[in-house]
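> need a structure here:
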Amino acid sequence: MTQDELKTLVGQAALRYVVPGEIVGVGTGSTVNKFIDALATIKDQVKGAVSSSEASTAKLKALGITVFDANDVGELAVYIDGADEIDGLGHMVKGGGAALTREKIVAAQSRQFVCIADESKLVQTLGQFPLPVEVIPMSSNRLVRQFAAMGGQAKLRLKDGQPLVTDNGQYILDVTGLQISDPVAFENQVSQWPGVVTVGVFALQKAHVCLLGTAQGVKTLEF
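Residues are numbered from 1 along each chain as shown. Below you'll find the predicted structure:
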C-alpha cells in the first residue's frame, strides 16, 4: 500500500470520532487533506469546523463546510490532525506545514486530540524529524545560538530564497540534532525563551488516540 493510500485510510477512519451535530477541529497537512475529503461526505451531519490554517480553511470552504472562528465557539469535542513524529505515549512533533501555533491553539480548545498518521511517523524518541519552532523575526539569530548551546542546529526555514512567513506573520526555525527524551520538560523550557511563539513539541497538548496507517490496515493506539 502506498503512503498516499495509507493517508486516505486513516483520514476515513477518523470520521468515527466526529460527533454528529458538533463543530470539529481540523488540522493541516497532506493527511488532514484526506480527512477533509472524507468529512465532506458527511458534511450535513456536522455544524462545521474550526481550522488551524488558511490552507485548510480554503479546502473546507471549497467543499462546502462552514468554517468558524475559534473565538466564536466554545470547547470542541474533537481535534483531528497529523504529526511529523509521534512517540509511544502520544507526544508529537508537529509544524512541518508551518501551522504549529494555530494547531496548538485548536488542540487546547478540544476535549480529544485524534492524531492521524502513517506508521513511519511512530518513533521511540522524538527528534529525528527537524523540530519546527515559530519565532518572532527579531529573535531568530539569538534563538539559533540558544539551540546551539543545547546541542541543536537551528536553521531558518526558507521559501523561494526568503524566510518563510507563517499565517501569523512569524518565522520558523527547524532544529536538528536533538534527542527529546522528556517532551514535557522540553516544551516547558523552550516555550519560556523570549521570542519563541510556539515550539513544535506537542506534549502538553498530546494525542489521546492515534490512528496509524499500516500495511495491515488502521491500527488504533490509545494513550
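
> and residue 64, what helix or strand is that in?
Under DSSP states H and E, no helix or strand contains residue 64.

> Quick check: it touching residue 42?
No. With contact defined as Cβ atoms under 8 Å, residue 64 does not reach residue 42; the gap is 11.8 Å. C-beta coordinates here come from the backbone N, C-alpha and C atoms, glycine included.

> For the top strand by length along the chain, list every residue counted as buried.
Longest strand in the chain, counting residues (DSSP state E): strand 110-118. Going by neighbour count (16 or more other Cβ atoms under 10 Å), the buried part of strand 110-118 is 110, 112, 113, 114, 115, 116, 117, 118.

> That strand packs against which elements?
Counting contacts by 3 or more Cβ pairs under 8 Å, 6 or more residues apart in numbering; DSSP states H and E, strand 110-118 packs against helix 3-13, helix 30-40, strand 76-81, strand 209-214.

> angle of the second one against helix 3-13?
What it means is helix 30-40. 40 degrees (axes from the mean of the first three to the mean of the last three Cα atoms, to 10 degrees).

> Any chance you could list what contacts the longest strand of the chain?
Here strand 110-118 makes contact (Cβ atoms under 8 Å, 6 or more residues apart in numbering) with 3, 6-7, 10-11, 13-14, 17, 25, 31-32, 35, 75-83, 86, 90, 92, 107, 205-214.

> swap the cut-off to 7 Å and go again
With Cβ atoms under 7 Å, 6 or more residues apart in numbering as the test, strand 110-118 has contacts from 3, 6-7, 10-11, 14, 17, 25, 31, 35, 75-83, 86, 92, 107, 205-213.

> quick one, phi psi at the residue nearest to the spatial centre of the chain?
Compute the mean C-alpha point of the chain, and by Cα atoms, centre = their mean the closest residue is residue 94, 4.5 Å away. With angles defined as degrees, to the nearest 10, residue 94 sits at phi -140, psi 160.
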